[in-house]
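> I would like the atomic coordinates for the input below:
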Amino acid sequence: LYPSTDPKEWNNKIIWLNPGTYILKCNTPSYAQSDMYPAIQGNIIYGHHYYYQPGGSIYHIGGGLRIKNVVSFDENENVISSKKYSYVDESGNSSGNLLIPLQNFNIREIHVGVPSGAPGTFQKLTASTLYVSSYVSLSAYLTGNNVGYSRVVVESNSVSGSTNGKEIFYYDNLPGSLYFGKIPFFTGSTNGSLLKEVTLNSSGDTLLTEKSNYGVLTESEAAVNTYAEDLYEGPTGICLEGGLNPLAYIGRYNIFAYPTRNYYNALNSKETTHYFPTGKVKETVDYTYNINNFSMKSSRTDASDGFKYTDITYPSDYPNDPVLSTMVGRNQINLPVVKSEYKNSNNQQKTIIDYSLWNNSFYAPSKISSKIGANPVDERVIFDKYDVYGNVTEAHLSDGIKESYYYAYNNSLPIVKGNNIDSQTLSSAVLQALTSTGYSTIDDLLKNISSLPSSAWMTFNSNIRNNSSGSLITTYTYDPIFGMTSSTDPRGVTTYYNYD
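Numbers count the residues shown, from 1 in each chain. Just a heads-up that it's a prediction; the model follows:
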């Protein structure tokens, strides 16, 4: 619709689109770039118009925006796959509901005081006024979408256009209400939550259903917001015969107070049913939460495997432990301390995580131990060093063998793992391995890999293994958007990963 050869030309541009179907196309940069970013960034904003006729009503004309199709192409512009989105109920009608009452404009009757000719006299008029509402949005009020959909069908298609199956999503989608006819809010807590998901194969047979049930864990309500209307316009210092001007003082304001609701909505249970030619298998999982709204217990009932449940404890469960209580003071309250797994009331396995202060900056695991059945506790991993970014750089296993890591991609992903080598020696080996590649840093090397296999990366792989005799070296490359693109094992055998 608006072709442009210069991508920068679109910066900070605002365009108005008439109702219709439009294509938003985004080309993915080379996967080897370490600083990848979306090729298209922007905001699409909902707008509306209003019409008012004196003595009549206000009519709102609003626009909606939703995905119709997503089509993937290869580098030759050939279609690889596509998905079609339909927003319909079981009868084929629209599943959309107007969630937010469009109260942008209201009509109200006010009194207008106009002084007449003689002193002490006053004239009263009545007028209808159009005005814009202004209020504090509520936490229980969906601020993003005016229209929500109760049922969405996503159909996957092959290159030829034939269907590969469908996913059908059912959402809690109840319209909002209004405080005193003005402030929108939802009476429930689960609006927008996924209630059920159904997966169908290409023949329309059901393969899987998942049903979810939600509940409010904690809730508070405080009447801290005020909404006021001034129903008078005119002078206030002119008196009527026999006293003050009542219009300017008596019944002039409508003042309302309304609450702000705060709540935490969580998944209480999930029922999953798998369908097979010979029958179906149902699994139910129930969740229990602690005072900080973290899952502390999940119980799983499977017709084929009995009853299982998992208990998890957190730092707040150990108020007398100096390390864990300090973590609570730092708001590090969501890190698991002990995870216990049971089957039919018998303890099968327990995982214990110890924490320490690292670099005088953050708390992170210092040791992971496990206990299987009635066996004694076994120390599995001891963490020796972290970098300032919170990455583990050196650890050793229960047999005492060290395992070290070197990171790249802005210190976010491990690209070298070494067994039987400490982190300082590994870092020196990485820098030495770069000398014959033409790059001074590992990030520069990775950034300039246009495709795999890469001669520079192969040289680095060979060098670092030659510089680390007695150690087992594994190296990795990544596409920061999709994931790992190659791994080279200690034997020097490389596996490449491609993504569609």
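
> flag the shaky bits of the stretch 251-400 of the chain, pLDDT-wise.
Counting by pLDDT under 70, the low-confidence segments of the stretch 251-400 of the chain come to 303-305.

> where do the strands of it begin and end?
With DSSP state E, counting those that start in this stretch as the criterion, the stretch 251-400 of the chain has strands at 253-276, 279-289, 295-302, 306-313, 338-343, 346-358, 362-372, 378-386, 392-397.

> just name the most buried of the ones you listed.
Greatest average neighbour count among the strands of the stretch 251-400 of the chain goes to strand 392-397 (a mean of 18), per mean count of other C-beta atoms under 10 Å. C-beta coordinates here come from the backbone N, C-alpha and C atoms, glycine included.

> output the lowest mean pLDDT helix or strand found in this structure.
For the chain, using mean pLDDT, DSSP states H and E, the weakest element among its helices and strands is strand 58-62, scoring a mean of 41.

> following element in sequence after that strand, please.
Following strand 58-62 in sequence order, the next helix or strand is strand 69-73 (DSSP states H and E).

> against which helices or strands is that following strand packed?
If you count contacts as 3 or more C-beta pairs under 8 Å, 6 or more residues apart in numbering; DSSP states H and E, strand 69-73 packs onto strand 79-86.

> who does the strand it packs on pair up with?
Applying DSSP bridges to the sheet, strand 79-86 is found paired with strand 69-73 (antiparallel), strand 151-157 (antiparallel).

> what is the burial count for Ser94?
By other C-beta atoms under 10 Å, 13 other residues sit near Ser94.

> likewise the one 4 residues further on?
Other residues lying near Leu98 total 13 when counted by other C-beta under 10 Å.

> Ile352 reaches Ile368, doesn't it?
Yes. Applying C-beta atoms under 8 Å as the test, Ile352 and Ile368 come out as touching, 7.3 Å apart.

> assign a three-state SS to Arg465, would you?
Each residue gets one of three states, and Arg465 gets helix by DSSP: H, G, I helix; E, B strand; the rest coil.

> find the nearest non-adjacent residue to it, please.
Once flanking residues are discounted, Arg465 sits nearest to Ile473: 5.2 Å by C-beta to C-beta, 6 or more residues apart in numbering.

> looking at this, that neighbour is in a helix?
No. Per three-state DSSP, Ile473 lies outside any helix segment and is strand.

> okay, and the beta partners of it?
Gly418.

> how many other residues sit next to it?
So Ile473, with other C-beta under 10 Å, has 24 neighbours.

> pLDDT score assigned to it?
At Ile473, the model reports a pLDDT of 96.

> then Val114?
pLDDT at Val114 comes out at 70.

> next one: it from Pro235, what distance?
Distance from Val114 to Pro235, counting by C-beta to C-beta, to the nearest Å: 9 Å.

> do Thr488 as well
85 Å.

> compare these two (neighbour count), which wins?
Thr488 (23 against 11).

> tell me who's in contact with that one.
Thr488 sits next to 461, 474-476, 494-495 when contact means C-beta atoms under 8 Å, 6 or more residues apart in numbering.

> is it possible to export the residues you listed to TSV including neighbour count and distance to Gly251?
Output for the contacts of Thr488, formatted as TSV (neighbours: other C-beta atoms under 10 Å; distance: C-beta to C-beta, whole Å):
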residue	neighbour count	distance to Gly251
Asn461	19	83
Thr474	15	79
Thr475	24	79
Tyr476	15	74
Thr494	16	82
Thr495	10	79
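
> I figured the residue nearest to Arg465 hits Ile415, correct?
No. Under the criterion of C-beta under 8 Å, Ile473 is not in contact with Ile415, lying 11.0 Å apart.

> of the strands paired with strand 79-86, which stretch is the most buried?
strand 151-157 (a mean of 17).

> what mean pLDDT does it have?
What strand 151-157 shows for mean pLDDT is 94.

> now stretch 249-259, how far from the chain's geometric center?
Distance of stretch 249-259 from its chain centroid, counting by C-alpha atoms, centre = their mean, to the nearest Å, is 40 Å.

> circling back: list the contacts for the residue nearest to Arg465?
Going by C-beta under 8 Å, 6+ apart, Ile473 touches 416-419, 464-465, 490.

> gap between it and Thr485?
Going from Ile473 to Thr485 by C-beta to C-beta gives 18 Å.

> then Tyr406?
To Thr485, Tyr406 is 17 Å away according to C-beta to C-beta.

> I'd like to know how many residues surround the spatially closest residue to Asp317 that is not a sequence neighbour.
Among residues not flanking Asp317 along the chain, Val337 sits closest, at 7.0 Å (C-beta to C-beta, 6+ apart). The tally of other residues near Val337 (other C-beta under 10 Å) stands at 19.

> contacts only, for Val337.
Going by C-beta under 8 Å, 6+ apart, the list of residues near Val337 reads 313-315, 317-318, 324, 352-353, 355.

> check Ile368 too.
With contacts defined as C-beta under 8 Å, 6+ apart, Ile368 is in contact with 351-354, 379-381.

> any idea how far Phe311 is from Tyr289?
Not Phe; residue 311 is Asp. Distance, Asp311 to Tyr289, by C-beta to C-beta: 12 Å.
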